[in-house]
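Visitor: Below are the sequence and a predicted model; questions follow.
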Amino acid sequence: MTDTANTPQNVTFWFDVTCPFAWQTSRWIKEVEKVRDITVTWTPMSLAVLNDGRDLDPGYMEAMKAAWGPARVFAAVADKEPEKIDALYTALGTKVHRDKAFSKTDLSVNDALLEATLNEVGLDPAYAAVASTDEADESLRAYHQSAIDEVGDDVGTPVIKLGDTAFFGPVITRVPQGEEAGEIFDAAVRLAAYPYFFEIKRSRTESPQV
């Protein structure tokens with residue numbers, strides 16, 4: 001059996017920065033980076049694109065309207081400066097999920113948040129301008145489709161590709177630390193290596209504990 005703890009692994013991680021589940025899973029992967037030899041490609045996808053045209057609960061529909069802007073910005077940055085996506089996701093995700101700075105109703109708040117965060121990580125704040133236009137939509141849809149092509153459209157975020165196999169999830173509500181993070185990653189890699197494994201699921205009893 002392959003020793004996954006000592007084998008370099010390529011990981012592709014598709015995310016929507018507004019998704020709390022993607023955020024928790026991404027922080028697990030950041031922990032895994034400390035204890036395993038992995039190379040992560042951070043790639044935007046979009047819950048707004050995924051749910052475009054669907055009959056949604058009014059409250060969730062408002063959240064999807066707000067989710068367009070940040071996803072567009074990530075697509076624009078991914079096109080030109082993909083090496084900055086990791087830092088931008090960490091910086092903006094921290095503000096969105098830990099600091100609760102993201103607004104589902106006042107998009108001007110989000111525009112200011114985007115500009116400040118872009119500047120914080122050494123990116124041109126002018127990227128924020130694409131949030132309210134369709135300038136980056138073609139790229140965003142292409143990045144999103146690259147995830148859907150791997151797993152099908154009966155998913156949400158995140159989508160993770162481990163080697164040659166991608167899955168929706170894993171969905172976690174608390175972030176494992178240190179070697180425990182690595183051991184869970186090893187288990188996920190082992191499952192991904194079996195071509196006939198498709199899913200594991202149980203009812204969730206808590207929301208993400210950020």
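Guide: Thanks, I have the structure now.

Visitor: What segments of this structure are strands?
Guide: Ranges of strands in the chain, per DSSP state E, are 9-15, 38-44, 159-162, 165-168.

Visitor: Pick the most buried one from these.
Guide: strand 159-162 (a mean of 23; mean count of other CB atoms under 10 Å). C-beta coordinates here come from the backbone N, C-alpha and C atoms, glycine included.

Visitor: Spit out the contact partners of Ile160.
Guide: Listed by CB atoms under 8 Å, 6 or more residues apart in numbering, the contact partners of Ile160 are Val11, Thr12, Phe13, Trp14, Thr25, Ile29, Ala166, Phe167, Gly169, Pro170, Ala188.

Visitor: Low-confidence ranges, the protein, go.
Guide: Scanning the chain for pLDDT under 70 picks out 1-5.

Visitor: Of all the residues in the lengthiest helix in it, which ones are buried?
Guide: For the chain, the helix that runs over the most residues, judged by DSSP state H, is helix 58-80. Within helix 58-80, the residues that qualify as buried are 63-64, 66-78, counting by 16 or more other CB atoms under 10 Å.

Visitor: right, and out of those residues, which lies closest to Asp134?
Guide: Checking the buried residues of helix 58-80 against Asp134 by CB to CB gives Arg72 as the nearest, at 8.0 Å.

Visitor: show me what contacts the closest one?
Guide: Contacts here follow CB under 8 Å, 6+ apart; on that basis Arg72 touches Val130, Ala131, Thr133, Glu135, Ala136, Asp137, Leu140.
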